[in-house]
Structures are given as structure tokens and as C-alpha cells.
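In: Please work out how this folds:
(3 chains)
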Amino acid sequence: MSEYLLEMKNITKIFPGVKALDNVQLNVRKGTVHALMGENGAGKSTLMKCLFGIYEPNGGEIYLEGQKAEIHSARQAMDKGIAMVHQELHPIRFRSVMENVYLGRFPGHMGIVDHKAMYDKTKALFEDLELDVDPLALAGDQSAAILQMMEIARAVDMKAKIIILDEPTSSLSDREVAHLFKIINRLKAQGVAFIYISHKMKEILEISDEVTIMRDGTYVGTWPVVNKETGEKLTNDFIIRQMVGREMTNQFPPREGRPLDEVVLKVEHVSSPLKKSFQDVSFELHKQEILGIGGLVGAQRTEFVEALFGLRGIASGEIYLNGAKYSSKSPGFAKSRGLALLTEERRATGIFGILPILENTVIANQKNYASMGILNEHKRRVEADRECKKLNVKTPSLETLIQNLSGGNQQKVLIARWLLTNSDILILDEPTRGIDVGAKYEIYNIMLEQISQGKSIIMISSEMPELMGMSDRIMVMCEGRVTGFLNKGEYTQEKIMALATQFAGRNTAA
Amino acid sequence: MRKIFMLAFILILALVSCSYSQENITIGACIYRFNDAFMLRFRNAMQAESEKSGAKISITDGQDDQNTQDAQIDEFIANGVNVLIINPVDRMTSQGIIDKAKSANIPVVFINREPTPEMLNSYERAYYVGAKAEESGTQAGQLIADYFKAHPEADKNHDGKIQFVMLKGQNGHQDMILRSKYSVEAIKAAGFEPVEIASAIANWDKLQAMNIMNAFIMSIGPENIEAVIANNDEMALGAVEALKNNDYNKGDPALYIPVVGVDANASALDAMDKGEMLGTVLNDADNQGASAVKLAAALASGKDINSIGYTITDNKYIWIPYQKVTRGDK
Amino acid sequence: MAEITTSKSKRLFTTAGIIFLVLGIALYFLKAPMGLNRKIYDLPIFLIIIGVCFALKGFMSANKPNNELERVSFGEFLTNNAILLAMLVLVVVICILQPRFMQIRVALDILTQSSTKLIMALGICFTLLIAGTDLSAGRMVGLAAVVSASMLQTATYANRFFPDLPQVQLWMPIVIAIIACMVFGALNGFLVAKYDMHPFIATLAVQVIIYGACSLYFDMPPNNSQPIGGIRPDFAQLGQMRLFSMGRDFPGISILIPIAAVICVIIWFILNKTVFGKNVYAIGGNREAAVVAGISVFKNIMAIFILASCLYGIAGVLEAARTAGATNNYGNGYELDAIAACVVGGVSLNGGIGKVSGIIMGVLIFTIIQYGLQFINVSPMWQQVIKGVIIAVAVAIDLTKYRRK
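Out: Numbers count the residues shown, from 1 in each chain, chains lettered A, B, ... in the order given. So this is what the prediction gives:
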């Protein structure tokens, strides 16, 4: 019997033109949480897809409990006790929670589904996971956290020995994260091993036992989080250094200058037509200011900025842009008035996956390259090339399909898109979500550079350090309302959390 | 809107009732749909015949709906017409109409759409006037045979056989099956040996027929095609267009292939006038309309139905033959 | 493993081209003395044309930089071009069974028949590019055919649609017919863009409306649903005229071919060189992202359906002119053929992917197969089976191509 539950040895995977994995190894012990870290594009997802049977590695072996395992499909992986909870969950929205849990393996005989058994089993599973959800509720109505628990429940029910969690906390509130960790710890005690992929340093150090770090498709090393002999804990800086391969002295670039007094955007008592969405939002945005918007999931921050950009309706309230009255009719109109929106869901509402980088870069700015509707190909190419080079987009050519880039590079292309429109106000919704440390730093630099050129930025962020590190001022929202403003120097994590949870429990009590 | 309907209703009632006030025979006729080119001709022929004979005829539009037509028949019976002429919307539901007529003891003449023999035999005063579909095929074949008799040089390879191309209607359609079969039979009956060198389904469609004919001209060679038989005029005209594109049927007697169709529609007559098409077969609406009215009048007045000038087959049917139409007798 | 590197394939193309060229020229001069005139027809000329094309392709790719990663295994080469190769095999079989197939006039006939289909397919590809579809296309062809033909009959024709209509300018009825189609195209676009209706349903509804409206028009007295004939010769010329005709030697090129070619160029230009074209690809690629990028989806979808219907209108007018007639049944079911041709030509039903060159290929493949099967007199039932198999196989191959990535 091997000391490891899972051993992946010398895994190599070659895509046309790229060596995505080069002799990578990963060894996971029974009953531990094993963090897998690395910048985006380091090959974490590829490695997991090799384990889960989605990709066939070009070389290397996989051992499960000391036995050599052949995994050619997700089905085989599941049969061997490997389960995967994906970062983006795709439940069957119009079916019940229990049907989603038992999808593909409904209890019953001869093709007739035993709904009673399914209900009872789901109920028992959920109780075990301290989840208060009716198994008959529609999956589409559940929050991301519950859907994730649903996936974990599925894995538990399948007696999974290894559960892969891919960025499990990216859309969870702190309370939900705590719940998740509690469950992880309990399952761990039962002997289940977790492979935990995340960029969030704090969580990694809190939950995991061991850390494997990858860089550019290669294996860097594996370290225990707490050194048994010395009792020393791994540090942030150490991990970042290993991931980036260089010293990272500062997480945030230095901010120079101060916002001007000039008000570029004034929002007064703006409310959504939907009762549950944002209500009575008022604030001022100054020239060369980074206004951070903090809050928990469900604070309606995204909904608010989308309304500002003309993607959603506004029922009442007034907006002034550079002193003139502004009504948000449509994104096209907002664009023409100098607004830009980088959306939260990069894949769903940002990139055109099947189109080349060139098209993705210039799409919002086509009119400037056209006379009478006919495009100037040369100008498009020159400007896209310039902008992508400026933002350090790593790509073989402008013809590469954007879906083949890593998340960070995709995000840079999207920022390049909006920089080309030369907008005065950039609205960035979670600009660094799911992006590696190196790319994050680059994006912060871009933001500061834009500020120094006289632009203003509204940034929504759920990551406290980022919010505090980058904002000149923070506006905190809770359940659709603005609960307070904090100026630079006076904000602490506790103050922000207090404002963000101001109404907490109000709805549940009612 | 409702007012207009009311007004129209009263007007129809007034018209119907005043025509019934006459001592004469009144005929109630139901057409399945007025907007049908063939039934329009049929209707005009019935109108003309009843004017000539002095019978009163009232014709209703079934709007292609059997329920509407049933209501119209009930109204005719209630108003005491002497005889019914029915062009059923759905020929398979004719039993209901026959039963109605039988209980009112009114004779009924079906036209154009034939009830089954069982239905007709269930009432001694039920009759049918129409044409035999296979005759359209027979006569199209005869047109070709007649042409070859008059023009021996049309047998281009002098083998005594007729090498023809057949353009067929929609697959499985009754007319397509009968016309294809009987046109060949007629050529045989006239003493020629027909050889089908190619055939294709062109779905009654001019465009498809044209494309297919083009392919045939290329693959077989126009010099090897001696005749074109089409199940209807539209396809015949499509063939004509294809031939014209290849410089055939444009006036040069050396470059001519006889083309026949069925229907005698205006475009076909036009093409025949120009000498582009040999002939077509006409479904004789005039004679069918006239005979239907004559039969109805005789039935209503109790006259001998064998004296009206049309042959009654099996004491149930009047078969009006199709008519050949060729150049000059438009 | 048999791998064809680009440099190898260059040489392959160039050598094959030269072989074909030499063979063609040799046969051209030898066929008369060898008594092959009635056996191989215009084969030498075809060989010369193919040879020149191959040689050009080899020569052109020789100038491109050599990318070592661009290796294609022999198997991949086969699947990438499976439909094309199947078609070539079929053509060879037909040529053997019926040597008359090797005539220049047959090739020209195929191109002529492809022309109107191609114009339709180019229209429908816009709706496919936004992950939609257009089921009303065929009926629009019928509408345009009936409307244009009804106003362009000779004065002496017995059964005129409008007995008292004077002899109007040729372009007027054509423009009216195309505008009639564009009105319905706008209705399509409005339903899809405004109510976010699935194009399948919206265009199905409009298809039925168009057929009804067209039938009502067609049924107006005095026409009463009679096929429209007696077409004015100047209108018929628009579909039947032949350019460069030299009597018996050369049948001439149908005017439809240059018309379709011009439209191809225009559509290629629109798709690749205009803001509108880029917006079409963007909306097809990711509609939500397009909205966020400030593209007016409403305006673009309206434009897409109106432009598409304009092309159907043109196709309908040309069909009426070519056949010198029209009925309300013209174009029935054409949309499915056009969609199939697009799909065979590599247009993705999921939207965002598709090129004009592919569509030309798809339409040609379809027409050649259909024409070829007709040519050797294959039963229409078998033709249907073969057509269906081609669609299924083409799409299956296409999808595996994408999956490999």
C-alpha cells in the first residue's frame, strides 16, 4: 500500500503548438486537502482534466491507491472515485435539486425512477452537509453556494475518494465559505482527499495541508503548509515567489497623485424598477478617482453598474455626466457618452470565444475604423496590436482565438477593448477574478496609468485586500442600498464588513 | 361587421326565396370552393346551361370547409329545392349528404369529386358526373401517337420506336400514377413501341421540370429524345424552356421535340400558339357543367334521364371524356 | 505515420498540376486523330483547368512562410476534405457511366443552376451566423417570382394577371417584388429582435403568412390561381441570356453566373470589410457580450433579416425570369436545401462561424451531386437518401474537426 491515495507521475500533455504540461507530478495523501496553485495558464486545469479523463495525456502514469489506473472518460474517473466540482456550475435549471444530485444514476428499477427513495436519500445527504434545502426546489432558483454543495453532495453520495474543487469560493460570501470549510474538514476526517484549486492565499493557508505549485506547465514543488519539524507556516510571499518565479515585493503598485475635485459623474437617488434590486443609490465620482464598491454577494452592485451602462432599466433618480443630465438608454449610448463596462462574467458577457483576438479587441470601437460602414483593415490591426502589446497580452498572434488564451490574458484583451474606445469612466466589475497574481499586478498598473491620464474608475471587488489596496474611496452596498462611504486611510476590513452586513438577518427575520 | 353579415344573410334569403316562388325547377348547387380555376369554369357552365333550360339554380361557396357545406345543404333542403348538385369538400364524407337527400327524398348529383360506389349505391337517386382520370393520360399518349403518324420523320433514329422522356407529378399522387401509366398504354394501343429513356419526378413544378429536363438534354443528348410526356402543363412548359435554352422548339423543324401536357392552361395554349408545345388535354368543364344541370333537371321533373343526350353508365355515372387540344383549335 | 508537411503538399500540388496540364494538352490535340471525340468530350479542357488551378495553388502556398507546426496527417487530410473527395469520386463514376458529363456545357449548366441557389444560401447564411435560421426563405422566393412575373407579361397574352396594366419599365416590378420580400424580412427581424422570439418560430410563422398572402395574390381574379405565363421577353432575358455564345461550338455563359458572382463579392465584402459584417459575427459568437460592447442587437438583427430577404427576392425574380413563369409554389422547401448547403460548406448552426468560400463550395457540391445523380438517372427516392446521408456525414465530420481542438 502506497503512502499516497493518488499519484500522478511525469504527466505530459501537448496541444498543437504548445506543451501544456511537462513532466508534472502530483501526490495526494488520504484524508488531506491538497492545494494546487499556480498562475493562470500554469496548467492546473489541464492537469485536472487529465486526471478526470477529459484529456488524454501524451505521457505519464496515474496511480490510485498504488494501482495503475487507466482513465479515458469522466465516467471512468467517477467510477474510480474521483469527483470534480467545476468553477462554473451548469445545473439543469428547470429540474429539481434532487434530480440534479442523482442525474445519470437515478435510483429505481428497470428504468422506472423511484422518486421517494431519491427524495429521502437527498434529504439525508443534505442533512449530513447541514444544508437546509428542499430536494424538490428548482435548481435554477438556488444560489451558487447551494449549487456547489449540491455537487459536493453528489460526490459524497458516489463515495468519492478524491474531490477536485476548482475555485470553489469565487462566488461565495464569507459565511458560505466558512460552511464549506466545515464540510471539507468533516469529509477529510472521513478519509476523503481534496484537490483544492484557488488563488486565494488566505483560504489556502487556512484549509489545506499540503501545497503543490506549478509554473508554466512545469512542476515547481510540494510543501506542507505547516512544517512538522519546525512548526513554521508557509507564507504568502513564499508561495507567490514560487508561483511567479521572482520576488514579489508589493501586491499593489504605488498610487501617485490624488483625485481632483471635479465631479465627472453624479448619481442621485437611482432606483431599480425591481423591489429586490438596488434602491436609492447616490454618489459622486471625481476625476482621476478610483471608487471601489464593496459588499457581499447579493448586494446588487453588479445590477447597479449594469443599469448605469444601460443594460438594465432605471425606475427613478437622476444621473449627471460632467454636469449634464444623462439617461442610460442602451450600452451603445453609454459608450458614446464615454462610459465603459468590464463585466463580471468574462466568458458569458465579455469574450467572443470563437473570434480572433483582433476582433475581440476592436469590436467596441468599430465605428472609428470605418467610413460609410466600410472598415479600414490596416488601422484596426495597428491599433489592436499596439494596445495588446501595451497591455502585455501573451499570444502568438492577433489571429489566435481568444478562447485559447488564459483568463488573465483574456481579461487584458477586454480591457484593451475598452481602452481603445477612449472612455472617460471605466466601470470594472471584479476585474481580477480568477486571474493569477502576475496578471493582477499588471491590471492594477493599467488602472493607475488610466487614472494618471485623467480617467476615472468605478471598481467592484469582492476581494478585501484589492478593494482597500486600490480604491481612493470605498462605497459599501448591502442588499441594494448604499450603507456608507469610507475614505482612504480610514478603512479596515472590519468597518467594511460591518457596513456590508448592516441589514443582515433583516430579510430572514421577516 | 355584424350588420353587414345580417344584411348579406337577409339578401341571400330574399334571393333564394324569390327564386323559389317560381313554378320552375330549382336546383341547389354546392361548390367546394369558388376560388378554384377549374370549378370556376364548371360553375359558369352550370349557370349558362340553367339559363338556357329555364331552371333556377342557386350556387353556394363551401369555402373548402365540409361543415359550412353541410349547413348550406341543410338550408337548401329546408327551402325545398327540387334537386341537389354537390361538389363535396371531402368526398369520403359524402355518405352523410346522401343520407340527408334520401330522407328528404331529393335526387342528388355529385360532381368532380367522386363518392365511392357503395355510397352511390345506397340511394337510387344519387348520381355522379365527372371525368375518368386515366383518360387524361390516354389522350396525352394519343397526341404523341397521332403526331408520329402524321410526321414519320419524328422517329429520328428510324427504329420504329418512340424514345420518350417522362416528367411526373408528385410521387404517389393518383393523377401522376394514372397519367403516367395510361399515356404509355395509349402509345402502345396506337401501334407504336414506347421506350422510356428517362423519367423523373418534378412535383408538378415548372422550375424542377426545367432543371431536370436540362440534365436529360445534356446526358441523353437532344438528338436522342423523340418525345416529352409531362403529367401536367407546368412541367411540360418547364421542359419547353429547357429545350428552348438548347435551341430546340424555336421554329426550326429540324430541331423540334413534341411535348405534351395536361390541363390546357393559358400558358400552355400560348406556347402551343408559338409552336413550342405540341398539345395538351382539357378536362371538359363545359360539358360536365351542362350535363350535371341537364341530369338534375331531368331527375327533378321526372323525365327519362336517358333522353338528355349523355350516356348514363351503370345508371349512376355520366363520364365526360377529356378533350385533346392542339395547335389551332384553341 | 504518413504526414504531409506544407512543403510536401506544395510539391504535391505543383507536380499534380503539371501532370494534369500536360495530359490535358496532349489529349486535346490527340483526341480527334484517336477518334475519342465522342468518348471523352471536353475532358482535356477540364484537365487543363484543373492543372492550372493546382499549379497556382502550389505556387501560391510556396510564397507563404513555412510553419513547422502545421503538419497534417494523411487521415486528417482525408477527413478535412471528405465531402469534396466523395464528390470527386462520384464525378469520376458518373463520367465513366455517362461520358457526356465531361462537357463544358454541363459544367456551365451546373453553374447556372447553382447561381440562384447560391444567392439564397448567401442570404440564409446571415441568419445562420447569428445562430438563427430562416424558414421563410423559400416562400419569399415564390413571392418575388409571382409578384414580378405578374406585372411583366406580354400585352397580347390571353390570361394576363392585370389585364389593363401598361407595359411598365422592367425594373419597376422587380423592385416592387424585392421590396415586398424585404417587408416580410423586416417582419422576421422585428419578431426576432423585438420579442426575442426564436428565429425558428418567428420565421415559421412568417413563412406561413407569406405563403397565404402570396396565394391570395395569386388567386385574385381574373388569374384564379392559374400559373403565370406569357412573360415579356426582356424579363425572360434577365434569366436566360447567354454571354459569349458562339453558336454550336460554345453555348455561352448564362447571365446568372456573373450575377451570382457579383453578389458573392458584395456579400464577402459586407461580411469581412464592414462594421455590419463584424457585428454579425460578434452577435453570433456571443450575443450578450455584443450587447455589452455597445452593439445594437435590434438594429443588426433587423438589418440581417432585411438583407437576407432582399437576396431571396433577387433569387425569386431570377427564377421567374429563367423559367419564364411563376406559381405560388415556387421555392417551396428551398430554405432547407440552402441551409443544408451552408452547413456542408462549414457554416456552424451555433452561430459565428462561416465563410463565403465555404458556402460557394457547399452549394456547388450539392448541385453537382444532385445534377450528377439525375444525369445517370438514379431514382428520385435514392437521390433523397443520398442527399440526406451527405448532410449527416458532412456535419458529423465538421463537428469532429472542431472537437479535436
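In: Next up, identify which helix or strand the residue of the stretch 151-300 of chain B found nearest chain C is on.
Out: Going by CB to the nearest CB, chain C is nearest to residue B:267 of the stretch 151-300 of chain B, at 2.5 Å. Quick note: C-beta positions are derived from backbone N, CA and C, even for glycine. Per DSSP states H and E, residue B:267 falls inside helix B:266-273.
In: now do residue A:446
Out: Element membership for residue A:446, per DSSP H and E: helix A:437-452.
In: which residue does the stretch 151-300 of chain A bring closest to chain C?
Out: At 16.7 Å from chain C, residue A:217 is the closest residue in the stretch 151-300 of chain A, using CB to the nearest CB.
In: Next, the contact list for that residue, please.
Out: Counting by CB atoms under 8 Å, 6 or more residues apart in numbering or on different chains, residue A:217 makes contact with A:19-22, A:24, A:42-43, A:46.
In: Spatially nearest residue to it (excluding sequence neighbours)?
Out: Nearest residue to residue A:217, sequence neighbours excluded (CB to CB, 6 or more residues apart in numbering or on different chains): residue A:43, at 4.3 Å.
In: From residue B:274, how far out is that neighbour?
Out: Separation of residue A:43 from residue B:274 (CB to CB, to the nearest Å) stands at 78 Å.
In: which other residues reach the host helix or strand of residue B:97?
Out: Element membership for residue B:97, per DSSP H and E: helix B:94-104. The set of residues external to helix B:94-104 that reach it, using CB under 8 Å, 6+ apart, is B:70, B:73-74, B:77, B:84, B:86, B:88, B:107-108, B:110, B:115-116, B:119-120, B:122-123, B:125-126.
In: repeat for stretch C:272-292
Out: The contact list for stretch C:272-292, computed with CB under 8 Å, 6+ apart, reads A:309, A:311, A:331, A:341, A:343, A:348-355, A:359, A:363, A:366-367, A:369-370, A:373-375, A:377, C:126, C:129-131, C:270-271, C:293, C:295, C:297, C:300-301, C:303-304, C:351-353.
In: so the residue nearest to residue A:217 sits right up against residue A:214, yeah?
Out: Yes - using CB atoms under 8 Å as the test, residue A:43 is close enough to residue A:214 to be in contact (5.5 Å).
In: what's the residue nearest to residue C:59 when sequence neighbours are not counted in contact with, if anything?
Out: Nearest non-adjacent residue to residue C:59, counting by CB to CB, 6+ apart: residue C:14, 6.7 Å away. Neighbouring residues of residue C:14 by CB under 8 Å, 6+ apart: C:54-55, C:58-59, C:62.
In: next one: residue C:232
Out: Contacts of residue C:232 (CB under 8 Å, 6+ apart): C:152-154, C:167, C:170.
In: and the residue nearest to residue A:420 when sequence neighbours are not counted, helix, strand or coil?
Out: Sequence neighbours aside, residue A:365 is the residue nearest to residue A:420 in space, at 4.4 Å (criterion: CB to CB, 6+ apart). Per DSSP: H, G, I helix; E, B strand; the rest coil, the local secondary structure of residue A:365 is helix.
In: And for residue C:372?
Out: Residue C:372 ends up helix, using three-state DSSP.
In: Let me know whether it touches residue C:97 as I believe.
Out: No - contact criterion CB under 8 Å: residue C:372 and residue C:97 do not qualify, at 9.6 Å.
In: what about these two, which has more around it?
Out: The residue with more neighbours, out of residue C:372 and residue C:97, is residue C:372; 24 against 14, by other CB atoms under 10 Å in any protein chain shown.
In: how much space is there between that one and residue A:221?
Out: Distance check for residue C:372 against residue A:221: by CB to CB, it reads 65 Å.
In: Ok, residue B:202 next?
Out: Distance of residue B:202 to residue A:221, given as CB to CB: 76 Å.
In: For those two, indicate the residue with more neighbours.
Out: Shown here are residue B:202 and residue A:221; by other CB under 10 Å, residue B:202 has more neighbours (27 against 10).
In: That one touches residue B:212, doesn't it?
Out: Yes - contact criterion CB under 8 Å: residue B:202 and residue B:212 qualify, at 5.5 Å.
In: Now do the end-to-end distance for stretch A:287-302.
Out: Taking CA to CA, to the nearest Å, the first and last residues of stretch A:287-302 lie 22 Å apart.
In: roughly how far is stretch C:346-356 from the heart of the chain?
Out: Relative to its chain's centre, stretch C:346-356 lies at 15 Å (CA atoms, centre = their mean, to the nearest Å).
In: hey, where'd the strands end up in the stretch 101-250 of chain B?
Out: With DSSP state E, counting those that start in this stretch, the ranges of strands along the stretch 101-250 of chain B come out as B:108-111, B:126-130, B:161-168, B:193-201, B:227-230.
In: now the angle from the helix holding residue B:97 to strand B:126-130?
Out: Per axes from the mean of the first three to the mean of the last three CA atoms, to 10 degrees, the angle that helix B:94-104 makes with strand B:126-130 is 130 degrees.
In: Could you identify the helix or strand that succeeds the host helix or strand of residue B:48?
Out: Assigned by DSSP H and E, residue B:48 falls within helix B:37-53. Beyond helix B:37-53 in the direction of the C-terminus, DSSP H and E gives the next helix or strand as strand B:56-61.
In: re the thing from before, ok now the helix holding residue B:267, how far from the chain's centre?
Out: Centre-to-centre, helix B:266-273 and its host chain are 18 Å apart (CA atoms, centre = their mean).
In: what stretches of the stretch 201-350 of chain C score poorly on pLDDT?
Out: Applying pLDDT under 70 to the stretch 201-350 of chain C flags the ranges C:248.
In: Show me which residues of the stretch 201-330 of chain B sit near chain C.
Out: B:201, B:204-207, B:210-212, B:214-216, B:218-221, B:233-234, B:237-238, B:241, B:244-246, B:265-271 (CB under 8 Å from any CB of the partner chain).
In: Restrict those to the buried ones and give me that as a PyMOL selection.
Out: In PyMOL syntax, the buried subset of those is picked out as below (16 or more other CB atoms under 10 Å in any protein chain shown):
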select buried, chain B and resi 201+204+205+206+207+210+211+212+214+215+216+218+219+220+233+234+237+238+241+244+245+246+265+266+267+268+269+270+271
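In: tilt between the host helix or strand of residue C:391 and strand B:161-168?
Out: Taking DSSP H and E as the criterion, the element that holds residue C:391 is helix C:380-403. Helix C:380-403 and strand B:161-168 are oriented at 50 degrees to each other (the same axes, to 10 degrees).
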